[in-house]
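A.B. asks: This is a predicted model, with the sequence first.
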Amino acid sequence: MTLAAFTGQLLAFIARLITGAQGHWKGCPPMAEQRIYIANHQSHFDLVLIWAAFPHELRAQTRAIAARDYWTKSAFRRWLTTEVFNAIYVSRTRANPDEDPLEPLVEALANGDSLVIFPEGTRSNKGNPMPFKSGIFHLAEQFPHVQLIPTWIDNVQRVMPKGEVVPVPILCTVTFGEPLQLRPGENKADFLCRAREAVMEQRPDPYWVGREEGGD
Amino acid sequence: MRWLKQLTSSEQVALLFVVLFGFLMLLTVGLFLNSLRERPNEDERLKSQLAWERVRRDLRAAWIGGCMFWVAWISGPLGATLLFALFSFLALREFITLVHTERSDHRTLIVAFFVLLPVQYMICGTRFFDLFTVFLPVYGFLVLPIVSALAGDPRRFLERNAKIQWGVMVCVYGLSHAPALLLLDIPGNIGRGAFLLFFLVMVVAASQIAQEIATRTLRRRPVARQISRSFSMRAWWIGTCTGALAGLLLYWITPFKAGQALAMAFLTAAAAGFGGLVMKALKKDAGVLYWGNRSSITGAVGLLDRIAVLCFAAPVLFHSARWYYR
């Protein structure tokens, strides 16, 4: 086992110990099809969590997106994202106007990899996700056969709020919903809105609602 | 009986496990064969299938409990302490998930999980029992609100701290007394701590089972309807007395005399019975029926559901045994 594979296993183990990292496959089974998972983003822990929630077989071919400016800052961050997570770098700012920031993603999809995308672009710590950026629309347009899976990561903001370094052990769930598809003729704004709603729909009901009665 | 007394204490412990696992094995085989019996009637078949499902779950819990007990014993002080520390960690994780903590509780929670919990078990493993009994109620009690105050958020300060302290007391302090019993050396009982833990588990199990059966068959008026529709004082008395009786029957494996064993088992079973009610009240407050991950789709276990009564009973037995033999 290489050091990177070992680190991956170790991180998945730690994520499970701290959060349980439960994957709830409500709308689709965990299969090795080509997919784009679109998820809400509340913490740096999100990536590890969603990765740990995948069955081991899916991890190798499911690649996350990492912001180039943040994740290439130090040698360790670079090693973690390339060797362990096999992530794809995306620039948040364009160096020149001709550069297409989606190009690395298109390349990965053309290779047959699955992607994990946080379409909000940055971490939000308010209750609802911020409006989605348009990248997923262009990808859905170019790769109509790839399933878009709306995904909700719950409770993770309590594990590691923005600005904290040490995670607190609290159970988290990752819920995978029914696949989305771009409808014929659907425009960008509608699709992004629909995708955001589909992601929010996967949020589990607050457990203190509707269970007051019954049982003992 | 004389033959039993001649064995060394480690041989006696080995015999205890042989008897325990032999009994479990016989029970499992018997129930399994019973489930295979031909049932001509469709209705009856369904009923027996349902009963088998329920029994199988209880059986599995008993097997897991038995194996844990054995692992705790063979791994010695270090292993037992680590094992129970892990259980404390998982139980506290469940507890904290379900009570609402705020962002400003972050540092306090880190102290609870990564400082207080390991230190408590370290003290337990090194047998500093004088410090062990006061570390969380005294020092932990002071440290948690200090860390919380330093975070600088006055909103619902008392409530937030009370929740965390309560969780630490039940999941860490209470449960840490189980390995402490294993490690407790009282005169006449050196190297036989496994019997004390076994005594605790058997007394608690007997009282809980008796209480459960009593609530099912008696259907008495519940004392606290809002909290539990099944808990009645009579069922509690039946459970507690059964636990005391089980303790009396097991007195020969403990260093106690028959009367002492009866009294201690009574106290332990009483604490377990009421502890179950208290945990139910807490669950009602949090709005859940079971502890553990709130969706049961992937079969998450409610660990706290299973060990909560032990968390209440273990400190009582530990204290009464230790106080008596001081």
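C.D. replies: Arrived safely.
A.B. asks: right, and B:G193 touches B:D185 too?
C.D. replies: Yes - counting by CB atoms under 8 Å, B:G193 does reach B:D185; the two are 7.3 Å apart. Every residue, glycine included, has its C-beta placed from N, CA and C.
A.B. asks: Compare these two and say which one has the larger neighbour count.
C.D. replies: Using other CB atoms under 10 Å in any protein chain shown as the criterion, B:G193 and B:D185 rank with B:G193 on top: 23 against 13.
A.B. asks: Can you tell me how far the nearest residue to the more buried one once chain neighbours are set aside is from B:V201?
C.D. replies: Residue nearest to B:G193 in three dimensions, not counting chain neighbours: B:L182, with 4.3 Å by CB to CB, 6 or more residues apart in numbering or on different chains. Per CB to CB, to the nearest Å, B:L182 is found 11 Å from B:V201.
A.B. asks: Tell me the helices and strands packed up against the longest strand seen in chain A.
C.D. replies: Secondary structure of chain A per DSSP state E: the longest strand is strand A:147-154. In terms of contact count using 3 or more CB pairs under 8 Å, 6 or more residues apart in numbering or on different chains; DSSP states H and E, strand A:147-154 is assigned the packing partners strand A:35-39, helix A:45-53, strand A:173-176, helix A:188-201.
A.B. asks: Export the ones you listed as a markdown table, with columns for mean pLDDT.
C.D. replies: Below are the helices and strands packed on strand A:147-154 laid out as a markdown table (pLDDT from 0 to 100):
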| stretch | mean pLDDT |
| --- | --- |
| strand A:35-39 | 91 |
| helix A:45-53 | 87 |
| strand A:173-176 | 88 |
| helix A:188-201 | 89 |
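A.B. asks: got a markdown table for those, with distance to B:V138 and mean neighbour count too?
C.D. replies: Conversion of these to a markdown table gives the following (distance: least, CB to CB, whole Å; neighbours: other CB atoms under 10 Å in any protein chain shown):
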| stretch | distance to B:V138 | mean neighbour count |
| --- | --- | --- |
| strand A:35-39 | 45 | 24 |
| helix A:45-53 | 34 | 25 |
| strand A:173-176 | 37 | 25 |
| helix A:188-201 | 46 | 16 |
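A.B. asks: so what pLDDT did B:L310 get?
C.D. replies: Per-residue confidence (pLDDT) for B:L310: 88.
A.B. asks: I am assuming it contacts B:L175, so please confirm or correct that.
C.D. replies: Yes - judged on CB under 8 Å, B:L310 makes contact with B:L175 at a distance of 6.8 Å.
A.B. asks: Those two: which has the busier surroundings?
C.D. replies: B:L175 (27 against 24).
A.B. asks: send the alpha carbons of the host helix or strand of the more buried one over as CSV?
C.D. replies: Element membership of B:L175, judged by DSSP states H and E, is helix B:175-183. Only the C-alpha atoms of helix B:175-183 are listed here, as CSV (Å, rounded to 0.1, in the frame of the first residue of the first chain):
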residue,chain,number,x,y,z
LEU,B,175,-19.7,4.3,31.9
SER,B,176,-16.1,4.6,33.2
HIS,B,177,-17.2,2.8,36.4
ALA,B,178,-17.6,-0.4,34.4
PRO,B,179,-13.9,-0.9,33.7
ALA,B,180,-13.2,0.5,37.2
LEU,B,181,-15.1,-2.4,38.7
LEU,B,182,-12.9,-4.7,36.6
LEU,B,183,-9.8,-3.1,38.0
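A.B. asks: And that helix, what does it pack against?
C.D. replies: Secondary-structure packing of helix B:175-183 (3+ CB pairs under 8 Å, 6+ apart): helix B:42-74, helix B:76-98, helix B:117-125, helix B:129-134, helix B:193-218, helix B:303-324.
A.B. asks: Dump the ones you listed to JSON lines, plus distance to B:F21.
C.D. replies: Formatted as JSON lines, the helices and strands packed on helix B:175-183 follow (distance: least, CB to CB, whole Å):
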{"stretch": "helix B:42-74", "distance to B:F21": "6"}
{"stretch": "helix B:76-98", "distance to B:F21": "18"}
{"stretch": "helix B:117-125", "distance to B:F21": "26"}
{"stretch": "helix B:129-134", "distance to B:F21": "30"}
{"stretch": "helix B:193-218", "distance to B:F21": "13"}
{"stretch": "helix B:303-324", "distance to B:F21": "20"}
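A.B. asks: And these: which comes nearest A:A108?
C.D. replies: helix B:76-98 (35.2 Å; CB to CB).
A.B. asks: Output that closest one as CSV, restricted to C-alpha atoms.
C.D. replies: C-alpha atoms of helix B:76-98 as CSV (Å, rounded to 0.1, in the frame of the first residue of the first chain):
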residue,chain,number,x,y,z
GLY,B,76,-6.2,-6.6,30.9
PRO,B,77,-6.4,-3.1,32.4
LEU,B,78,-5.1,-1.3,29.3
GLY,B,79,-7.4,-3.1,26.8
ALA,B,80,-10.5,-2.9,29.1
THR,B,81,-9.9,0.8,29.6
LEU,B,82,-9.4,1.5,25.9
LEU,B,83,-12.5,-0.5,25.0
PHE,B,84,-14.8,1.3,27.4
ALA,B,85,-13.2,4.6,26.4
LEU,B,86,-14.2,3.9,22.9
PHE,B,87,-17.8,3.1,24.0
SER,B,88,-17.9,6.3,26.0
PHE,B,89,-16.7,8.3,23.0
LEU,B,90,-19.4,6.8,20.7
ALA,B,91,-22.1,7.3,23.3
LEU,B,92,-21.1,10.9,23.9
ARG,B,93,-21.1,11.4,20.2
GLU,B,94,-24.7,10.2,20.0
PHE,B,95,-25.7,12.3,22.9
ILE,B,96,-24.2,15.5,21.6
THR,B,97,-25.7,15.0,18.2
LEU,B,98,-29.2,15.0,19.6
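A.B. asks: Any residue of that helix touching chain A?
C.D. replies: Yes - contact between helix B:76-98 and chain A, assessed by CB under 8 Å from any CB of the partner chain, occurs at B:F89, B:L92, B:R93, B:E94, B:I96, B:T97, B:L98.
A.B. asks: what comes up buried for that helix?
C.D. replies: B:77, B:80-81, B:83-85, B:87-98 (16 or more other CB atoms under 10 Å in any protein chain shown).
A.B. asks: Now do the biggest helix by length in chain A: which elements does it pack against?
C.D. replies: In chain A, assigned by DSSP state H, the helix with the most residues is helix A:3-19. If you count contacts as 3+ CB pairs under 8 Å, 6+ apart, helix A:3-19 packs onto helix A:45-53, helix A:156-159.
A.B. asks: Quick check: which of those is nearest to chain B?
C.D. replies: helix A:156-159 (6.7 Å; CB to the nearest CB).
A.B. asks: which residues touch the closest one?
C.D. replies: A:18-19, A:42-43, A:45-46, A:49, A:125, A:167-170, A:172, B:101, B:103 (CB atoms under 8 Å, 6 or more residues apart in numbering or on different chains).
A.B. asks: please redo it, this time with the cut-off set to 7 Å
C.D. replies: A:18-19, A:42-43, A:45-46, A:49, A:125, A:167-168, A:170, A:172, B:101 (CB atoms under 7 Å, 6 or more residues apart in numbering or on different chains).
A.B. asks: Quick check: of those, which lies closest to B:E42?
C.D. replies: Distances from B:E42 to the contacts of helix A:156-159, taken by CB to CB, are shortest for A:C172, at 44.0 Å.
A.B. asks: and that closest one, what does it touch?
C.D. replies: A:T19, A:G20, A:A21, A:L49, A:I153, A:D154, A:N155, A:V156, A:V159.
A.B. asks: list the contacts for the first one?
C.D. replies: For A:T19, the contacting residues are A:L49, A:V159, A:I170, A:L171, A:C172, by CB under 7 Å, 6+ apart.
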